[in-house]
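A.B. asks: I would like the atomic coordinates for the input below:
(2 chains)
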2 protein chains.
Amino acid sequence: MNKIIRVNMTTRETRVEDVPDRYAMLGGRGLTSNIVNDEVKPTCHPLGKNNKIVLAPGLLSGTSAPNSGRLSVGAKSPLTGGIKESNTGGTFAQKMARLDIKALIIEGMPEDEEFYVIRIDKDEVIIEDAPSEVLDGCGNYKAVKVLNERYGDEVGMALIGPAGEYRLPSANISFKDPESNLRSAGRGGLGAVLGSKGVKAIVIDDTDTERVPVIDLDKFREASRVFSKALLDHPVAGEGLAEFGTDVLVNIINEAGAFPSYNFTKGRIEHADNISGETLSATIKEREGEGMVSHACHRGCVIRCSQWYADKQGKYITSGFEYETIWGLGADAGIEDLDAIAYIDREMDDVGVDSIEIAVAIATAMEGGLIPWGDGKAALEIVKQMAEPTPMARIIAGGCAIVGKLCGLFRVPVVKDQAIPAYDPRPIKGIGLTYATTPMGADHTAGYCISGNILKIGADIDPLKKDDQVEYSRAMQIGTAAVDSTGMCLFVYFGIADNPDGYQAMIDMINAQYGTALTAEDVDKLGEDVLKVEREFNKQAGFTNAHDRLPEFMEYEPLPPHDVVWDFTPEEIDEVFNF
Amino acid sequence: MNKIIRVNMTTRETRVEDVPDRYAMLGGRGLTSNIVNDEVKPTCHPLGKNNKIVLAPGLLSGTSAPNSGRLSVGAKSPLTGGIKESNTGGTFAQKMARLDIKALIIEGMPEDEEFYVIRIDKDEVIIEDAPSEVLDGCGNYKAVKVLNERYGDEVGMALIGPAGEYRLPSANISFKDPESNLRSAGRGGLGAVLGSKGVKAIVIDDTDTERVPVIDLDKFREASRVFSKALLDHPVAGEGLAEFGTDVLVNIINEAGAFPSYNFTKGRIEHADNISGETLSATIKEREGEGMVSHACHRGCVIRCSQWYADKQGKYITSGFEYETIWGLGADAGIEDLDAIAYIDREMDDVGVDSIEIAVAIATAMEGGLIPWGDGKAALEIVKQMAEPTPMARIIAGGCAIVGKLCGLFRVPVVKDQAIPAYDPRPIKGIGLTYATTPMGADHTAGYCISGNILKIGADIDPLKKDDQVEYSRAMQIGTAAVDSTGMCLFVYFGIADNPDGYQAMIDMINAQYGTALTAEDVDKLGEDVLKVEREFNKQAGFTNAHDRLPEFMEYEPLPPHDVVWDFTPEEIDEVFNF
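C.D. replies: Numbers count the residues shown, from 1 in each chain, chains lettered A, B, ... in the order given. Predicted coordinates for the structure are as follows:
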């Protein structure tokens, strides 16, 4: 990948640039975070003309490497005020790679209030007026149809929904998957940044392009085979996720007593069966029709953790129906019915908001008395209103931290103003360290310590004890920053954590593609460097160790059933980033 | 003043403590900021049980010193997340001083959701249930009446309105003035802190107490005479403020082209005459009835800048009708009618919210399309709704920063999430440095550089130039922190800035009261020390120099008519606090 495309929305200029040498062996998160840190003033307003948004495929994207089609999106976050990297499936990353585009940088902002479509193909980059029928409240599902009609079914697409047009803090960016359904770069309000730049959609057309060239194809194929086998042989990566989706975690985390419920007041619920992965899978099978238990969010995925969830008549409701969303609405907000949750999930995708942030915001609003506990109808109605936002819809779309302020609550589950997801940090201490210290704000994917704390993959650490957790969260965050730079899905970790051959195969693929001789140490170093760059941006933006803290109530409110509190000292937490 | 009263709302214990030696020569802001820094964990949640709220009279409060009846209130702010000192008139400070109480510290929080009244007299401190008729939407005017009936007209009173009960971020604390009207510790959401502690009101009864003892009464009386004369002889302190109120500034600041209008897009408006101090004064006189041009917010005030504003029938609408409120609604929100503004001001007092924060939030919401520009009726309706908050009322009561986020704006006039008041920092550069650097968040009273930049009192500095501004803001902030510790109203500065005898008289009064031998240098040192303590708290709470910045749009959006931008470099700004 030899080009950087730069689009200036103030001047409407588009430019093709060479890739600076220092970016040559960066991809995905490593590249977006470096460009943001190099080019964006850390104290700029996230919705002003000086923020930039950067999209980059991973190092391995566009090759035949399994699970290498993730796209990284980076910017200064309007939700956290810090650097943000959010990654997603869909077809965009692979098409960028085939077009030889290492990064797309969108900067400036139009003087008018209009919305535009950026269209990229092998010959040109064009800024066009967005068709009026996709604006002003049009949902993402319809917008994709309209844009498919205009640009062709096979194009890749990034787009914002109405929430992004209104620049609401939890607006996401949606990406077309192979069947024209939606995947999201969900967290941190990146849809608001794209909205502030007047970009409704980016359409990418890789017609007449080739697969990404690989220097040593034989070595690549062999490594790819070993890697693929490692994934498929693993009980989680190769079977569990395909059969039950990520929602397989409901019973596991509920059983562990770490399933935050009713705004983080309980760690276990009675109605877990209603919303578990087992129930999800059985329901899809029973209903038949358009339902599908296992589905890939991007070409080349062998894990296939996504699914299509259909209604009683077998009609498609939603896909990419993830554990964290189902947890947020089902347990944290106490909505006990899986169909009700599915309709809200669909609506969140349609208006274009982060389903974790919104689910947790809804639960917090329930504690604050704005919505009755467990009321799925009220929640659905509010999410629908985000298309033309009522004051209540704006409040919820503001995210959990703002809901907490407007309800005068001190029990507000956020770190750096981003909602804490689906794993309570009191009984799973490793993940708490990740939430506290990642530059991203509370984010389970930044260092998924559930793996060694609960699933016992890659490590075996007592989740209720502090021992070894600091080192573990550090290692997981470093490893994740590296994997996020390859374009690989994070779930490949399950397949390679306990399989040295699988891990080596990932590195071999990179070396075969680029003609390099990277070692495992080099990959670790890459991860460390990415984290350093992100921390540096946040430091310049005004973050200190005081922001690397969990909500205070977790320090004195024990979570049943284990009745444990968050008991790491500030000094211990600050040891996570000792480099 | 020899006692500290400590009230624990968790245990319902009340305690009388001795004053530690290190607090002996601290009062007002100096004392509240020190106690907050000593006792409150900087990273605590502002609405949680670990925040504390501290009330303290000034060093000279309770004596016959002119204008010495201001009360300081301190806590960690739910609006800014930093330390907060807000001060107010009313009768509370003088009664505390007569009761020999140097500080009242309220800590903990009740387990129930009930509201209480803390009653203090010379014999005891009692926590009682709040009468139900003052709760659940009852406005402050009625609540004062009900509590007067129960406790007697002569008691002092601090109370929160419905906004404080709901712990909304802009909730203020109201204080009874001598005629049972309302004064406010307005800024920073301190009413939400008191509300979080379940305290609806604090009633203070100084029956059977004496004036505060003074060691050298003759010296005190002479100094007091000189001081009083300095105030009365000054054209602003002795005449202008009494005749036109603080609203005298409308024409002055508008003429200077620094009158931020229509959400800080213009520096001068056409309709200034509608809302000027001259019009205000003439209207009050013309209407007669209960109107009153000049009125004192506390006993012993010789400046008398407050007034009673009456309607066409001569019926009282509001008092303490300040320039900043009239500016916010009249110019920033473009509400062109003084009566409309007066009714909104009354309503803000009645529900108990900061009139600056709300006025600026309304203007920002107008830019965001939530309220039509200049629509006083809509604004009044929303403020009324704060008594039982609708979603829209919550948004506005969330303050300007939250309104900006929920409207997806980058033009959001806040520093440290507190709204910028009535003087645009682009054409009055000195005040911009104060907004940027004061530990309080944007606050004109923290170092009122309007004085030397525009009024030419105490200094003569070109407001459009950067020369001398850093030194000037520093000196004003130091001096203000000292004056705020005496219990003196800030307006005494006008009388003593160019009058060395007046300034010396203030110090002489302190020395006569306490038997000390403080010099002007000692007073400066006190001011410096207060600022250091406040900065230290903020640093521990997570603030850095990156937070000492004005909104970015002011760096590239010139303000007409002077068409100037904010052009201090970060390095220059950081020189304000060089100690």
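A.B. asks: Contacts for stretch A:107-115, please.
C.D. replies: Applying CB atoms under 8 Å, 6 or more residues apart in numbering or on different chains, the external contacts of stretch A:107-115 come out as A:6-12, A:39, A:48-49, A:52, A:116, A:129-130, A:135, A:165, A:196-200. Yep, even glycine has a C-beta here, placed from its N, CA and C like the rest.
A.B. asks: swap in stretch A:563-579?
C.D. replies: Taking CB under 8 Å, 6+ apart as the criterion, the residues outside stretch A:563-579 that touch it are A:425-427, A:429, A:432-433, A:436-437, A:464, A:466, A:469-470, A:473-474, A:477, A:528, A:531-532, A:535, A:545, A:548-550, A:554-559.
A.B. asks: which ones are touching the closest residue to chain B within the stretch 51-200 of chain A?
C.D. replies: Of all residues in the stretch 51-200 of chain A, the one sitting closest to chain B is residue A:167 (2.5 Å; CB to the nearest CB). Under the criterion of CB under 8 Å, 6+ apart, the contact list for residue A:167 reads A:47, A:78, A:192, A:195-196, B:407-409.
A.B. asks: Name the nearest of those relative to residue A:20.
C.D. replies: Using CB to CB, the shortest approach to residue A:20 within those belongs to residue A:196, at 26.5 Å.
A.B. asks: Next, count neighbours for the residue nearest to residue A:336 when sequence neighbours are not counted.
C.D. replies: Distances taken as CB to CB, 6 or more residues apart in numbering or on different chains place residue A:271 nearest to residue A:336, at 4.8 Å, with adjacent residues excluded. When counting by other CB atoms under 10 Å in any protein chain shown, one arrives at 16 neighbours for residue A:271.
A.B. asks: got a pLDDT number for residue A:271?
C.D. replies: The per-residue pLDDT reported for residue A:271 equals 98.
A.B. asks: measure it to residue A:279 for me?
C.D. replies: Taking CB to CB, to the nearest Å as the measure, residue A:271 and residue A:279 are separated by 10 Å.
A.B. asks: where does the stretch 101-250 of chain A come near chain B, residue by residue?
C.D. replies: Taking CB under 8 Å from any CB of the partner chain as the measure of proximity, the stretch 101-250 of chain A contacts chain B at A:166-169, A:192, A:195-196.
A.B. asks: mind running it again at 6 Å?
C.D. replies: Residues of the stretch 101-250 of chain A lying near chain B by CB under 6 Å from any CB of the partner chain: A:166-167, A:169, A:192.
A.B. asks: re earlier: tell me the secondary structure at the residue of the stretch 51-200 of chain A closest to chain B.
C.D. replies: coil (DSSP: H, G, I helix; E, B strand; the rest coil).
A.B. asks: on that earlier part again, quick one: which of the contacts of residue A:167 sit in helices?
C.D. replies: When the contacts of residue A:167 are checked against helices using DSSP state H, the ones located there are A:192, A:195-196.
A.B. asks: distance between stretch A:524-531 and the chain's centre?
C.D. replies: Centroid displacement of stretch A:524-531 relative to its chain, using CA atoms, centre = their mean, to the nearest Å, is 19 Å.
A.B. asks: For burial, what's the neighbour tally of residue A:339?
C.D. replies: Summarising burial for residue A:339: neighbours were counted as other CB under 10 Å, giving 13.
A.B. asks: Distance-wise, check it relative to residue A:330.
C.D. replies: When residue A:339 is compared with residue A:330 (using CB to CB), they lie 11 Å apart.
A.B. asks: Equivalent analysis for residue A:516, please.
C.D. replies: Distance from residue A:516 to residue A:330, counting by CB to CB: 45 Å.
A.B. asks: Compare the two (neighbour count), which wins?
C.D. replies: A count of neighbours by other CB under 10 Å puts residue A:330 above the other of residue A:516 and residue A:330, at 29 against 15.
A.B. asks: near chain B, which residues of the stretch 351-500 of chain A show up?
C.D. replies: Proximity of the stretch 351-500 of chain A to chain B, by CB under 6 Å from any CB, involves residues A:391-392, A:394-395, A:398, A:402, A:405-406, A:408, A:410.
A.B. asks: just to revisit the earlier point, and the contacts of stretch A:563-579, which of them are in strands?
C.D. replies: Cross-referencing these against strands under DSSP state E gives no overlap.
A.B. asks: in what helix or strand does the closest residue to residue A:67 other than its chain neighbours lie?
C.D. replies: In this structure, residue A:67 finds its nearest non-sequential neighbour in residue A:489, 4.4 Å apart by CB to CB, 6+ apart. Applying DSSP states H and E as the criterion places residue A:489 outside every helix and strand.
A.B. asks: And residue A:489, how far from chain B?
C.D. replies: Plainly put, residue A:489 is 31 Å away from chain B if you go by CB to the nearest CB, to the nearest Å.
A.B. asks: per-residue confidence for that residue?
C.D. replies: Among the per-residue scores, residue A:489 holds a pLDDT of 94.
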